[in-house]
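**Q** Coordinates for the following, if possible.
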Amino acid sequence: MAQKPLISVVINTKNEAEALKRCLQSVADIADEIIVVDMHSTDDSQEVAKKFSARVFPYRPMKVVEHARNFALSKAKGRWILLLDPDEYLGKSLKRELLKITKRTDVDFVKIARKNFIFGKWLRHGHMWPDYLIRFFKKNAVKWQKTIHSQPLTKGNGLTLLDSEKLAIRHQNYQSITDYLYRSIRYSGVQADELKSADYTVKISDFILKPTQEFNSRFFSDQAYKDGLHGLIFSLLQAFSIALIYIRLWEKTGAKDKPLSKESFVSASQEAVFEYGHWFTKYFCSEYQSNLIKVFIAKVKQFTSRLSKNL
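**A** Purely as a prediction, here's the structure:
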């Protein structure tokens with residue numbers, strides 16, 4: 001009788017041949033079994049997987065990977081499962097740590113930090129680090145939900161590894177602005193469908209306040225400005241993506257042309273400006289000690305206050 005594999009590496013793919021090769025190279029020395037579930041790739045993804053002796057299973061094309069993950073997990077035979085995306089890979093220190101964990105009886109699933117490279121740079125702020133994810137677990141201890149970007153359901157005892165660069169999964173995330181926009185369009189459509197199914201009603205504030213809150217949360221509160229121009233551009237793109245969700249929801253629910261309510265428009269705009277000013281003053285000005293910037297924010301607040309009175 002064949003010995004049960006210790007570690008099964010599970011990967012879902014769709015046209016990821018180039019990234020998949022590096023991913024599989026990084027885990028070849030610890031994987032007793034490799035499972036690749038491919039959603040009808042038109043590149044060499046399946047051929048790359050087979051070169052690493054992976055068991056390849058077809059799956060119908062989906063807009064998001066969550067739907068296919070549980071199917072992929074069901075094909076794994078290992079006592080432990082390492083779940084990766086094709087654009088992720090492991091370093092030596094993390095692999096040694098995971099092998100140690102397999103000998104423990106008090107751990108069922110592991111949260112691992114992820115080092116995100118966006119437009120070629122590791123982002124250390126803006127909610128991109130340590131970006132903990134559950135990616136190593138005993139078979140049947142974790143189940144994925146179908147909602148996009150949702151957290152999996154777990155059972156048993158969890159362990160969180162140190163947020164050390166050496167113990168992090170390396171993630172070659174968005175490679176270009178085009179890549180980002182392509183995925184943003186795809187994800188926003190899925191998220192808009194989810195809101196529509198929940199009978200969510202679009203509000204004016206969704207187009208103004210929510211993108212502002214997203215930007216402030218990343219750029220100011222979590223100090224994405226410390227990542228330089230990369231941090232600013234990524235925060236702006238994330239704010240755009242939030243707005244796009246509600247724009248697409250508006251489209252999916254009929255794209256009705258309704259007049260803007262003065263009260264709702266002014267209220268949302270004013271709240272967005274005041275919130276922006278609050279975070280700008282609290283974090284950015286304190287970092288650079290710029291009185292000129294503080295005066296500018298005060299003037300903007302005065303302008304929006306007068307605007308609301310005149311409309």
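**Q** could you point out which element follows the one helix or strand Glu18 maps to?
**A** In the assignment (DSSP states H and E), Glu18 maps to helix 17-27. Scanning forward in sequence from helix 17-27 by DSSP H and E, the next helix or strand is strand 33-38.
**Q** Go ahead and name everything in contact with that next one.
**A** With contacts defined as Cβ atoms under 8 Å, 6 or more residues apart in numbering, strand 33-38 is touched by 5, 7-14, 20, 24, 27, 45-46, 49, 52-59, 68, 71-72, 75-78. Glycine gets a C-beta too; all of them are placed from N, C-alpha and C.
**Q** so of those residues, which ones are in strands?
**A** Ile7, Ser8, Val9, Val10, Ile11, Asn12, Thr13, Arg55, Val56, Phe57, Pro58 (DSSP state E).
**Q** Which one of those residues is nearest to Leu83?
**A** Minimum distance to Leu83 across the ones in strands among the contacts of strand 33-38 is 5.0 Å, recorded for Val10 (Cβ to Cβ).
**Q** Show me the beta-bridge partners of the closest one.
**A** Beta-bridge partners of Val10, counted by DSSP bridges, are Ile35, Leu83.
**Q** That one: how many residues sit nearby?
**A** Neighbourhood size, Val10 [other Cβ atoms under 10 Å]: 23.
**Q** Wait, it touches Ala76, no?
**A** Yes. Using Cβ atoms under 8 Å, Val10 is in contact with Ala76, at 5.4 Å.
**Q** picking that back up, which of the contacts of strand 33-38 are buried?
**A** Taking 16 or more other Cβ atoms under 10 Å as the criterion, what is buried in these is 5, 7-14, 20, 24, 27, 45-46, 49, 52, 54, 56, 59, 68, 72, 76, 78.
**Q** In CSV, list the C-alpha atoms belonging to stretch 72-80.
**A** Extracted in CSV, the C-alpha atoms of stretch 72-80 (Å, rounded to 0.1, in the frame of the first residue of the first chain):
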residue,chain,number,x,y,z
ALA,A,72,-8.9,21.4,-6.0
LEU,A,73,-8.6,20.6,-2.3
SER,A,74,-10.9,17.6,-2.7
LYS,A,75,-8.3,16.1,-5.1
ALA,A,76,-5.4,16.3,-2.6
LYS,A,77,-4.4,13.2,-0.7
GLY,A,78,-1.7,14.7,1.6
ARG,A,79,-2.1,15.0,5.3
TRP,A,80,-1.0,18.7,4.9
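**Q** Leaving out sequence neighbours, find the closest residue to Phe57.
**A** Sequence neighbours aside, Val37 is the residue nearest to Phe57 in space, at 4.9 Å (criterion: Cβ to Cβ, 6 or more residues apart in numbering).
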